[in-house]
Structure formats: structure tokens, C-alpha cells
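Asker: Turn this into a structure:
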Amino acid sequence: MSTQTRTTTTRKWWALAVIAAAQFMVIMDTSIIGIALPKMQTDLGFSQENLTWVFNAYVVAFGGLLLLGGRLSDLLGARRVFAAGWAVLLAGSVIAGAAGNVATELAGRAIQGGGAALIAPSALTLLMMLFGSAPQELTKALAIYGAAAPAGGTAGVFLGGVITEYISWPWVFYINIPIALAALIAVPALMPDAPARSGSVDLLGSVTVTAGLAAAVYGIVRAPEVGWASGQTWGVLGVAAALLAAFVLIQARRREPLMRLGIFTAPNLAAADIAQLLLGAAWVPMWFFLNLYLQQVLGYSAFPAGSALLPMTILIMLGMIVLAPRAMQRFGAKPMIVAGLTVLGLGLAIMSLVRPTGNFWVDVLPASLVAAAGMSLAFVPSLGTAISAARPEEGGLASGIVNVSYQVGSAVGLAAMTAVAASYGADRIDSLPDLTNGFSAAFTGAAVIALAGAGITAATMRGTEPAA
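Answerer: As a prediction, the model looks like this:
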């Protein structure tokens, strides 16, 4: 291998490190605030009802702007949009950390979500540009990228507890600043550039899909509080449905739509996006309620609770980086997605057996490792199939769609399982048996979602050959 070739290869893998760091940060910013919320509530004057919007403001902006981020990545070039996303995330982090009132805090979180919506699709497009011509390298790169997500989720819980306890809550946002600055310095030297393409941004489509997704997420996350049968819930969801229907009509009629509807005719793209949606709908509720079980039932404080999730995270990272690429080469995507969702469902079913008098070694560790094995099998092949199914010039759009699928699935699954848990007693915090019964019901519901995902994938995805 020549010196120039080695230099190019080394630069490519350093670029992947920055892309993986982007995925790590995007997911970490959804989880790092959890432990800090009570102190933020005291310092900023949040009501109990509005406190959840420190999380939701990020998720709504992130999910609502992802398709626009993907379109801009295709038009302006992924490197430019990737760098812009880091700059926006940095600005949002400064605002959120320095906030002195509720409105400023929520504005900062929404700006952070907007930055993440630019970063996520452009990061996947850059990954495809760097590794798309080498199938074996692409699978390994997707595995590293995928492993960064659970690592970010666990690190967020862990770091949030440490920072809140030993420093102060604004640093859960300020920690983003040095990472964002390092990424902005690295992007020009490491990332491939692509010339901007001629085309227009579908502003009307952008407004309707962003408002529609935001309304849908708002209605879903508010439903457990105001009631699924309430007029407010159905009114907001009706507005969301009308906006999304209008978006589809606009896309069907525009010459340069935000989302070309014909993209879903690409083999297996829709099936892979559905798999990602249901994977998020099963996995995120499990992670959320497992953390609550550790703290509210087993009595763990923030630091031990974060540490208890490390074995699961380590297994996922090893599974995605070591096992998934080899299995992809041998079996192909479809068998792995079906098997992964099935194993995830089995792990969740075992987790539903949690006891009020349980312990980590019996009630948490075995089930969490089985669920982690399922996640590591299903995530990489479903993500890779969704991205690679699209035309090269629509890589940003495909990346935006698959990210929307996972984020919307996460929001819907968490909201639905929160309602299930509450109906079985999870709202009675003073009673450990009732609390545990509610968590058990949520784990059971997530298991049903995972197993349904396995069945839908088996029925809708075409057989895929093992990678060359």
C-alpha cells in the first residue's frame, strides 16, 4: 500500500470518528438532561406539567426538521450542512446552559434539536460517500455509527448524574461546546466535499411536514397527561393528520418536492423504515422504564443507575462492531432484522417478570443482555438497508426518512407505553408493587411491538443476499 493510499485510508477512518461522535452527541442530548430536571425546575421556575418540555422541545424540533435537513444535505452538500448543524447545536447549547427562565431554556433546546436535524442526515450521507463503494467497509462503518447511539444514551444518563451532582446543571449543555468546536475544526480537513446541486427548497412542504410531525409528537406526548380520549388529544392529532395529508398532496404535485414520493418504490426502503420505527418504539420505552425501575424500585441513585446500564451498552457496541458485520456477510439483512427483533422481544418478555423485591443480578442483567443482543442484530442491517436502497443523489433524503422513522417510533412508543404503565399502577409511586406492575406492563407492551416488527419485516421485506 502506498503512502498516499494509507493517508487517505487513515483520514477516512478519522472522518468516521467525527461522524460517530455526531451520532453520539445527538442521542446523548436526549438523555443527559434527565437527572438534571429537578434542579432545573427549582432554578428556572418550571411547573411540573411544563418540565417534560425540556425533553420534548428537542425531540419535536429534531423530528420535525429531519426531512428538511436531508433535503438541504442533498442540495447544498452534506459537508456544508454537517458543519452548519454543529454550529447550530453549539449555539443552542450556549443558550440552554445560560438560560435564566423557562422560555429561554425551551428556545435553546429547540435550537439544539434543529442542529441535530441538520447533523443526523448529513452524517449518514457523508458515511455513504466515504464507504459506499466498499461493502465490507460500509457494514463496519455502519456498525460503529450504530454503536454510538446506545453509547450516547447511556453516557447521557451517566454524565448527567455526575455533572448535576458534582458541578451544576448548565454543564449538561456546556459539555457540547468543546466537542462542537473540535468537530467544526475537523470537518474541512476530513470530510469529502460535494458540489451544490441546482434545485429549490420546498418551503411549503417543509412547513407542513414540520408542523404536522411537531403536532403529532405534541399530541402523543401530551396524551398520557390529558387522556387519550380527550378532545384536546384528538383535536391535535386531527390537525397533525390534516397537515401530513396536505404535505403528501404537495409532494405529489411539486416538480421538486421535499420528499419524492417515488422514493418508497425503492426495494425494501419502506420495509426497512418500518423496522426502524418499530425498533425505536420497543427499545426507547425499555430503556426509559428500566432506568425508572432501577431508581424508583431498587433504590439506585443516579451514578449506580447509569453504571447498571453499562453491561448492556458494552454488549450492544461489541455486537454491532464485531458480530453484525460478519453476520451481514453470511446471512444478509432480512434474517438479521427478523432475528434481532425477535430476540429483543424475548428480552423484553423476560424483563416483564421484574419484582418489587428484585435485584440487579436476577431481574435486570439477564433480560437486558438478551434485549441488547437483539438490538445489536437488528439496528445495523435495517439502517443500512434503508440508506442503500435510495439513489445516490437522494442519500440525504433517505437518511432523513430513516431518522424520522426511528425518532417518531421512539416518541410514539414511549408515549403509548407511558399510558399503559400508568393504567397498571406506575403513577402510584408510594406503592412498590403497583409501580413494578406498571413497569412490567410497559415491558410487555414493548415486547409485543418488537415481535410485531419481526413479523411485519418477515412479511414485507424481500429476501436480501449476503454482502459480497
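
Asker: Give me the nearest residue to R79, chain neighbours excluded.
Answerer: M191 (4.5 Å; CB to CB, 6 or more residues apart in numbering). Bear in mind the C-beta positions are built from the backbone N, C-alpha and C, glycine included.

Asker: ditto for I401
Answerer: Spatial nearest neighbour of I401, chain neighbours left out: D273 (5.9 Å); criterion: CB to CB, 6+ apart.

Asker: separation between that neighbour and L184?
Answerer: Separation of D273 from L184 (CB to CB, to the nearest Å) stands at 31 Å.

Asker: Which residue of these two possesses the greater neighbour count?
Answerer: For D273 versus L184, the count of surrounding residues by other CB atoms under 10 Å is larger for D273: 24 against 15.

Asker: any idea how far the more buried one lies from Q251?
Answerer: D273 sits 16 Å away from Q251, going by CB to CB.

Asker: Equivalent analysis for L292, please.
Answerer: For L292, the distance to Q251 - CB to CB - is 40 Å.

Asker: Just want the most central residue of this protein.
Answerer: Nearest to the mean C-alpha position of the chain, counting by CA atoms, centre = their mean, stands Q407 at 5.1 Å.

Asker: Contact partners for that residue?
Answerer: When contacts are counted by CB atoms under 8 Å, 6 or more residues apart in numbering, Q407 is found next to 59, 62-63, 66, 280.

Asker: Which helix or which strand is home to it?
Answerer: helix 395-421 (DSSP states H and E).

Asker: Which segments of the chain make up each domain?
Answerer: 8-200, 202-257, 266-468 (automatic domain parsing).

Asker: Columns mean pLDDT on top of the ones you listed, output as a markdown table?
Answerer: Listed next are the domains of the chain as a markdown table, based on pLDDT from 0 to 100:
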| stretch | mean pLDDT |
| --- | --- |
| domain 8-200 | 83 |
| domain 202-257 | 84 |
| domain 266-468 | 84 |
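
Asker: List the buried residues for the helix ranked longest in the chain?
Answerer: When the chain is parsed with DSSP state H, its longest helix is helix 135-166. For helix 135-166, a neighbour-count test (16 or more other CB atoms under 10 Å) marks 135, 137-164 as buried.

Asker: Next one: the closest residue to L159 other than its chain neighbours from N176, what distance?
Answerer: Leaving out its chain neighbours, the residue that sits closest to L159 by CB to CB, 6+ apart is I32, at 5.9 Å. As defined by CB to CB, I32 lies at a distance of 9 Å from N176.

Asker: Equivalent analysis for L190, please.
Answerer: Distance from L190 to N176, by CB to CB: 20 Å.

Asker: More neighbours: which of those two?
Answerer: Taking other CB under 10 Å, L190 and N176 do not tie; N176 has more neighbours (25 against 20).

Asker: what packs against the helix or strand following the longest helix of the chain?
Answerer: Where DSSP H and E defines the elements, the next helix or strand beyond helix 135-166 is helix 171-174. Under the contact criterion of 3 or more CB pairs under 8 Å, 6 or more residues apart in numbering; DSSP states H and E, helix 171-174 touches helix 78-98, helix 135-166.

Asker: Can I get the shortest one in PDB? Just the C-alpha atoms.
Answerer: Spelled out, it's helix 78-98. Taking C-alpha atoms only, helix 78-98 is exported to PDB below (Å, rounded to 0.1, in the frame of the first residue of the first chain):
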ATOM      1  CA  ALA A  78     -23.500  17.100   3.100                       C
ATOM      2  CA  ARG A  79     -20.300  18.700   4.400                       C
ATOM      3  CA  ARG A  80     -21.700  22.200   4.500                       C
ATOM      4  CA  VAL A  81     -24.900  21.100   6.200                       C
ATOM      5  CA  PHE A  82     -23.000  18.900   8.600                       C
ATOM      6  CA  ALA A  83     -20.800  21.900   9.700                       C
ATOM      7  CA  ALA A  84     -23.900  24.100   9.900                       C
ATOM      8  CA  GLY A  85     -25.600  21.600  12.200                       C
ATOM      9  CA  TRP A  86     -22.700  21.600  14.600                       C
ATOM     10  CA  ALA A  87     -22.700  25.400  14.600                       C
ATOM     11  CA  VAL A  88     -26.500  25.500  15.400                       C
ATOM     12  CA  LEU A  89     -26.100  22.800  18.100                       C
ATOM     13  CA  LEU A  90     -23.300  24.900  19.700                       C
ATOM     14  CA  ALA A  91     -25.500  28.000  19.700                       C
ATOM     15  CA  GLY A  92     -28.400  26.100  21.200                       C
ATOM     16  CA  SER A  93     -26.200  24.600  23.900                       C
ATOM     17  CA  VAL A  94     -24.900  28.100  24.900                       C
ATOM     18  CA  ILE A  95     -28.500  29.400  25.100                       C
ATOM     19  CA  ALA A  96     -29.800  26.400  27.000                       C
ATOM     20  CA  GLY A  97     -27.000  26.500  29.500                       C
ATOM     21  CA  ALA A  98     -27.200  30.200  30.200                       C
END
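
Asker: list the buried ones in that helix?
Answerer: Judged by neighbour count (16+ other CB under 10 Å), helix 78-98 contains these buried residues: 78-86, 88-97.

Asker: what distance separates the helix or strand that that helix is followed by from the centre of its chain?
Answerer: Moving toward the C-terminus from helix 78-98, the next helix or strand (DSSP H and E) is helix 102-131. On the basis of CA atoms, centre = their mean, to the nearest Å, helix 102-131 sits 11 Å off its chain's mean C-alpha point.

Asker: now stretch 15-29
Answerer: Remark: stretch 15-29 is offset 12 Å from the chain centroid, using CA atoms, centre = their mean.

Asker: and if you look at stretch 300-315?
Answerer: Distance of stretch 300-315 from the chain centroid (CA atoms, centre = their mean) equals 19 Å.

Asker: Then stretch 282-301?
Answerer: Distance, stretch centre to chain centre, for stretch 282-301: 18 Å (CA atoms, centre = their mean).

Asker: what's near enough to touch the residue nearest to I119 when sequence neighbours are not counted?
Answerer: The spatial neighbour of I119 that comes closest, neighbours along the chain excluded (CB to CB, 6+ apart), is G85 at 3.6 Å. In this structure, G85 makes contact with 22, 69, 115-120, 122, judged by CB under 8 Å, 6+ apart.

Asker: I appreciate the help and will end here.
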